[in-house]
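Peer 1: Build me a structure from this.
(2 chains)
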Amino acid sequence: MQQADTIAAAAPPRAARARNYARRYGWFIVPAAVVVLAVIIFPWIFTLYVSAHDWHLGGERRWVGLDNYIKLFSDSRFGWAMLRTLFYTLLAVIFPMVLGLAAALAFNRKFPLRGLARTIFILPMMATPVAVALVWTMTFHPQLGVLNWLLAQVGLPPSMWVYSTNTVIPTLVLIEVWHWTPLVMLLILGGLASLPIDPYEAAKIDGANGWQAFRHITLPLLMPFIVVALIIRCIDALKAFDTIYVITQGGPGSASETINIFLYLQAFAFYNVGYASAVVVVFFVIIMALAALLLWTRQRVKMT
Amino acid sequence: MSVEAKRSPAAYRLRRLIGNIGFGFSVLVLISPAILFFLWMLSLSFKNELDNTDWPPVFIPESPTLDNYREVFARNDFLRFAWNSIVVSFGATGIALLIGVPAGYGIAKMHAMRAAALILIARITPGLSYLIPLFLLFQWLGMTGSLTPIVITHLVITVPIVVWVMISFFEGLPPELEEAALVDGATIWQAFRYVAMPLARPGITVATILSFIFSWNNFIFAMVLAGRETRTLPVAVNNMLTFEQIAWGPLSAAALLVTAPVLILTLVAQKQIVAGLTAGGVKGA
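Peer 2: Here you go, the predicted structure:
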């Protein structure tokens, strides 16, 4: 204490010193800032620039202002891609959230071999998406795939899985659920571990049953964690690309062409990078708006 | 429940037993998709083509074979692609650690919320959206055809992960020790290097593992940027599908080899991965 006082007396006034320190800590950020500027900020700005051009890879480019955006909003193919993405995201959020919550509640209980069971449960999340998608493709084979064999065992008719326009999106969602439910589980499990015990004891004394305790104690206390999981899930589902591209490349026809696939095809199959950049900008705005909306919800949940 | 227990302990015990069996069964249902999938992958990779296309499916082959693995190594330049993947993942992770650990420290110390928010936005933006401008840039610089552009694009993934994990770890460290070092005349660099960094070693481990895994698993950057020689493993294995539609055995063997390092890492470092993902996630909003 004594020593600190003498130092404080010798040093410049507190506020100035703090600012001085802050500036010196700034040097720690400089290298990362340079890299972030080069590989993250520059692409954002350059995308805006490219999106204002009629720009073909290996061809000519012409300034067209907002024409790409105008074209985008009257492009029915893009409209369908938006709707498909919405449908895909809706399914790919609801199922992992429900299953992930159930799994988190299960893994929050103590049982033999819990550690092993949890490790197995999170494996899909870490597995290489492309490798996994290839093996899924084999299981979907209409004649020889193991999934249709499983359906036959329980007396269900065979499905066309990813080979029919009606079932392709639900099938892709199935993989997404398999892949990402573990992350939802982990996020909610982290929340469950942090819950206080007192309310449960009070509820027990008041004679509440298990469901009542869950409905009126666990769920409200868990809400912030559920919302975080929801935010992450929504964004990840919107971003889904690898699995869809590897398995269907947007097909059959364009039945699984989501925004991301549409964007990829525009840029790297049709070399229409100006138009594709406009898609990137719109996509970016959608994701930011969604994240902001969900963050806002979280603030409200926290306050109440 | 307790009233009932007093009335008839046997009935209570039976109900509990049934409850436990039901619970055990639901846990089994929860983990079976993961188990069955990976077992099926394993099974496909050890069977010859005849067994793989048999109906009803053969689950455990009578004569398991290593031919599929031999074929993968013999034909597809697999080792070169594996080397590419190693260079890219280690390179991108190493650079991210070098610049990301100090940055996480600086941001935590300065409470630079805007910088943290920027990192978060970078993390949630789709990887595909970086590709067009970076692709144009690399083309203009004449850099396509080497591994360098792939390593650089992977920084888009690894730097935000490392910075984000490190911010939350450094924020969790008690500041007293560094302050003591500063009072004793250490520079802030020394306080970081010899006090904060050793304390944050678990955090650095977490950041390394996560950044490596996500770089290893990444597909899209290399798919667009890689030439014939510079493919990473996910791209190479995807190309196998395109050219050999029905060779299930070699394809499964290759898929398993590609994802095996990550799965093994997950089994070994499960605790760190869980800590990193939940800390990052919960802090992430």
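Peer 1: Going by C-alpha atoms from here, please, whenever you check contacts or count neighbours.
Peer 2: Fine.
Peer 1: What residue spans form the domains of the chain?
Peer 2: Defaulting to chain A. Domain assignment for chain A by automatic domain parsing gives A:2-51, A:70-303.
Peer 1: um, chain B though
Peer 2: Domain assignment for chain B, taken from automatic domain parsing, gives B:2-67, B:68-283.
Peer 1: Deepest in the core, which of these is it.
Peer 2: Of all the domains of chain B, domain B:68-283 carries the top mean neighbour count, a mean of 20, counting by mean count of other CA atoms under 10 Å in any protein chain shown.
Peer 1: starting at the chain centroid, how far to that domain?
Peer 2: Counting by CA atoms, centre = their mean, to the nearest Å, domain B:68-283 is centred 8 Å from the centre of its parent chain.
Peer 1: Mind checking the pLDDT average for it?
Peer 2: If you average the pLDDT over domain B:68-283, you get 87.
Peer 1: ok, how many other residues are close to A:Gln153?
Peer 2: Per other CA atoms under 10 Å in any protein chain shown, the neighbour tally for A:Gln153 reads 10.
Peer 1: Quick one: name the residues of the stretch 151-285 of chain B near chain A.
Peer 2: B:152-153, B:155-156, B:159, B:183, B:188, B:213, B:216-220, B:224, B:234, B:237-238, B:241, B:248, B:251-252, B:255-256, B:258-259, B:262-263, B:266-267, B:270, B:274, B:277-278, B:281-282, B:284-285 (CA under 8 Å from any CA of the partner chain).
Peer 1: How about the residue of the stretch 101-250 of chain B found nearest chain A, nearest residue that isn't a chain neighbour?
Peer 2: Residue nearest to chain A within the stretch 101-250 of chain B (CA to the nearest CA): B:Ala103, separated by 4.2 Å. Excluding the flanking residues, the one nearest B:Ala103 by CA to CA, 6 or more residues apart in numbering or on different chains is A:Ile29, at 4.2 Å.
Peer 1: which strands and helices sit next to the host helix or strand of B:Thr93?
Peer 2: Using DSSP states H and E, B:Thr93 maps to helix B:78-110. The contact analysis (3 or more CA pairs under 8 Å, 6 or more residues apart in numbering or on different chains; DSSP states H and E) places helix B:78-110 against helix A:14-36, helix B:113-124, helix B:148-172, helix B:201-217, helix B:233-243.
Peer 1: Can I get those in a markdown table including distance to B:Pro64?
Peer 2: Formatted as a markdown table, the helices and strands packed on helix B:78-110 follow (distance: least, CA to CA, whole Å):
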| stretch | distance to B:Pro64 |
| --- | --- |
| helix A:14-36 | 49 |
| helix B:113-124 | 43 |
| helix B:148-172 | 38 |
| helix B:201-217 | 29 |
| helix B:233-243 | 22 |
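Peer 1: Tell me which of those lies nearest to A:His56.
Peer 2: helix B:148-172 (21.2 Å; CA to CA).
Peer 1: just checking, next helix/strand downstream of that closest one?
Peer 2: From helix B:148-172, the next helix or strand downstream (DSSP H and E) is helix B:176-183.
Peer 1: just the CA coordinates of that next one, formatted as PDB?
Peer 2: C-alpha atoms of helix B:176-183 as PDB (Å, rounded to 0.1, in the frame of the first residue of the first chain):
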ATOM      1  CA  GLU B 176      -3.100  -8.500  -9.100                       C
ATOM      2  CA  LEU B 177      -0.100 -10.600 -10.200                       C
ATOM      3  CA  GLU B 178       0.600  -8.500 -13.300                       C
ATOM      4  CA  GLU B 179       0.100  -5.300 -11.200                       C
ATOM      5  CA  ALA B 180       2.600  -6.600  -8.700                       C
ATOM      6  CA  ALA B 181       5.100  -7.200 -11.600                       C
ATOM      7  CA  LEU B 182       4.500  -3.700 -12.900                       C
ATOM      8  CA  VAL B 183       5.000  -2.200  -9.500                       C
END
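Peer 1: residues in contact with that helix?
Peer 2: When contacts are defined by CA atoms under 8 Å, 6 or more residues apart in numbering or on different chains, helix B:176-183 is touched by residues A:4, B:188, B:191-192, B:195-196.
Peer 1: Can I get the residues you listed in CSV including secondary structure?
Peer 2: Output for the contacts of helix B:176-183, formatted as CSV (DSSP: H, G, I helix; E, B strand; the rest coil):
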residue, secondary structure
A:Ala4, helix
B:Ile188, helix
B:Ala191, helix
B:Phe192, helix
B:Val195, helix
B:Ala196, helix
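Peer 1: Grab the most central residue of chain B for me.
Peer 2: What sits nearest the mean C-alpha location of chain B, by CA atoms, centre = their mean, is B:Ile213, with 2.8 Å.
Peer 1: just to confirm, which helix or strand has the closest residue to it other than its chain neighbours in it?
Peer 2: Nearest non-adjacent residue to B:Ile213, counting by CA to CA, 6+ apart: B:Val262, 6.2 Å away. B:Val262 belongs to helix B:248-268 when assigned by DSSP H and E.
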